[in-house]
Each structure stands twice: as structure tokens, then as C-alpha cells.
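Chemist: pasting the structure only:
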């Protein structure tokens, strides 16, 4: 249903004076997800998760340059196709509540975002996410942060879209509402919809996802089945995926030393090499190419 091939995104920026530079923030990123699947995209802040969503939707800023191809349901997403599908075939649950129009009542916003969804469908979605009936008549400034996020999540429920992109859909919600929202995403996938869920919450991803893609410094370092994220992480293939898994409080709670490289670092080899305990001289020379290993995809020359 969705296939992203070798996506790169650069931003034109000015240095001192009028000198320009292209800052590449996503490099050779590839992911794919089939109809009826949920793909969870995880990784630290700044790894390119939200930019992937914006590239699919065609809402990147004007100073952005993209390379690579994106296909949706077999159709290449040109700028014209992105505009055509956005809000109809492709529904977006944004991360920031600032996407809500401060001058429009939220019930109307949800129906408009879903390109004319019925009032009954909107009210049913609000009820499921534990939003009182009178909330539809409120303006965004009258809502708490958690309520605003539930309003945003409800747009996916009423859209009827083939692809739902949910960018951090659960922060600020109480556990009961989180469980209900995740359950609904799973139900949508089981009915044939495709869900791309961007999240920091690996625990939430494990509850409903079929596959997990791990992003690091603007590229995909591993794509794995959800069952590989278990035990001590030995089924995982990339050192960063294993370190991310072991850093969780319910596991070893071990911090990962160092920090993610900035886009202008221009490292010639593996982007994780400066932080990797298993790095060799070869890791510093060339960027590893994605390889298929044990029914997963990994960028690491030492993965087995």
C-alpha cells in the first residue's frame, strides 16, 4: 500500500552572509507497509520520523528538496497526487495540537479534515475517545492538551482513508484512552486499512504493530517484525535497535552513550559508528547498504 524508496530530504539554509548550503536531514530512507498492516516507526527525536510523514503528505516547507520515490496503492505520489489524496485516501493525525484552527469549533474541524464526514460519525468517534458531547462545540483554547490530541486522533476514525499516518497520537492521554485509541487503530488495520504510526513509545507499538522500523539520524537502520522485540533483544539485528530495546525501563534500563550526529556532521561511514561498541575501521569507511537478514532489513556490515 505504501512504498518509500531511497528518500532523501534537504533544506536550503543560509550560513554567514548570503552563502547557501543544502542541509541533508534524511538520507536514503526506505520503508514499506502492506494493506492491513501497522508499521510503527520508532527512534529518537531528530531521526526524521515526522519528516517522513510530511514528505508523504506533501506538506514540507518550500525550502525543502526531495529525492527518491513514494508509491501509494501502486500510484507514484507526485505533488498533484499528494494533494488529491490528502484528507481523502490518506488521513493524517498530526503530532502538534497547533494544527487545530483556533477560530473553528473542533467538531466542524474534524468533519472538514475528513472531507465531509457525517456529524454522526464524528460524534461516535468522540464518544469512543471519551470526549463529552459538548466538546464538538468548543474551540481549541477551551480544551486540555489531552483532549486536543483526542480530537486530532478522531479525524482518523471518521476519514474512511486507506492509509492513516499517526504522528505521536497518544501523548497526553490517560491510559484508558490510549488503550482505546490503539485498539481502534488495530481494528482499522484488521478491516484492510494501512496504518503508519510514528511514536517514541515502543511499548505502545508492540501492542498493535505488525512491523517496526527503527530510524537513526535520518535513515532506516532496521525493519523487523514486532516479535523480534522481545527478551534480551538477541533477535534484533542492528546495534542501535538492541541498545534502544535494552534502554527501556522494563528491560536493562541502560543508557546509550554519546548522541545522535547532527545533519551537517557528514560522517562517511555508518552513522551509528561513533556510539557503537562493536565498530571496526571498516565501519568508518563506507555507509552500509541495507541487507535482508532473518526476514528483516538492516544497515550493518556485522549483522548476522
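Modeler: Looks like it came in fine. Note that the structure is predicted; figures quoted are calculated from it, not measured. Numbering: from 1, shown residues only.

Chemist: from now on I want contacts and neighbour counts done on CA atoms only, so please keep to that.
Modeler: OK.

Chemist: so what touches the helix or strand where residue 149 lies?
Modeler: Using DSSP states H and E, residue 149 maps to helix 145-159. With contacts defined as Cα atoms under 8 Å, 6 or more residues apart in numbering, helix 145-159 is touched by 87-88, 91-94, 97, 100, 106, 110-111, 113-115, 117, 121-122, 125-126, 129, 131, 140, 164, 166, 169-174, 181, 184.

Chemist: which parts of it are buried?
Modeler: 145-159 (16 or more other Cα atoms under 10 Å).

Chemist: show the residue spans covered by the helices in the stretch 201-304 of the chain.
Modeler: For the stretch 201-304 of the chain, applying DSSP state H, counting those that start in this stretch gives helices covering 202-208, 239-246.

Chemist: tell me the centre residue of this protein?
Modeler: The chain has residue 198 as the residue nearest its centroid, 2.7 Å off, counting by Cα atoms, centre = their mean.

Chemist: check contacts around that one.
Modeler: Contacts of residue 198 (Cα under 8 Å, 6+ apart): 40-42, 49-50, 165-169.

Chemist: got any ranges where this structure has weak pLDDT?
Modeler: 116 (pLDDT under 70).

Chemist: quick one, domains of it?
Modeler: 2-11+21-89+161-298, 98-160 (automatic domain parsing).

Chemist: tabulate these in CSV, adding columns for distance to residue 304.
Modeler: Formatted as CSV, these follow (distance: least, Cα to Cα, whole Å):
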stretch, distance to residue 304
domain 2-11+21-89+161-298, 7
domain 98-160, 39
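
Chemist: and residue 31, that one's in a strand?
Modeler: Yes: under DSSP: H, G, I helix; E, B strand; the rest coil, residue 31 sits within a strand.

Chemist: count of neighbours near it?
Modeler: Residues within reach of residue 31, counting by other Cα atoms under 10 Å, total 21.

Chemist: could you report the distance from the residue nearest to it when sequence neighbours are not counted to residue 198?
Modeler: Distances taken as Cα to Cα, 6 or more residues apart in numbering place residue 4 nearest to residue 31, at 5.2 Å, with adjacent residues excluded. Noted for residue 4: a distance of 15 Å to residue 198, by Cα to Cα, to the nearest Å.

Chemist: hang on, the earlier thing: list the beta-bridge partners for the residue nearest to the centre of the chain.
Modeler: Beta-bridge partners for residue 198, by DSSP bridges, are residue 41, residue 167.

Chemist: count of residues packed around the closest residue to residue 253 other than its chain neighbours?
Modeler: Excluding the flanking residues, the one nearest residue 253 by Cα to Cα, 6+ apart is residue 247, at 4.3 Å. Residue 247 sits with 15 neighbouring residues when counted by other Cα under 10 Å.

Chemist: next, the contact list for residue 247, please.
Modeler: 253-256.

Chemist: got the residues you listed as CSV, with neighbour count columns?
Modeler: Formatted as CSV, the contacts of residue 247 follow (neighbours: other Cα atoms under 10 Å):
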residue, neighbour count
253, 13
254, 13
255, 11
256, 13
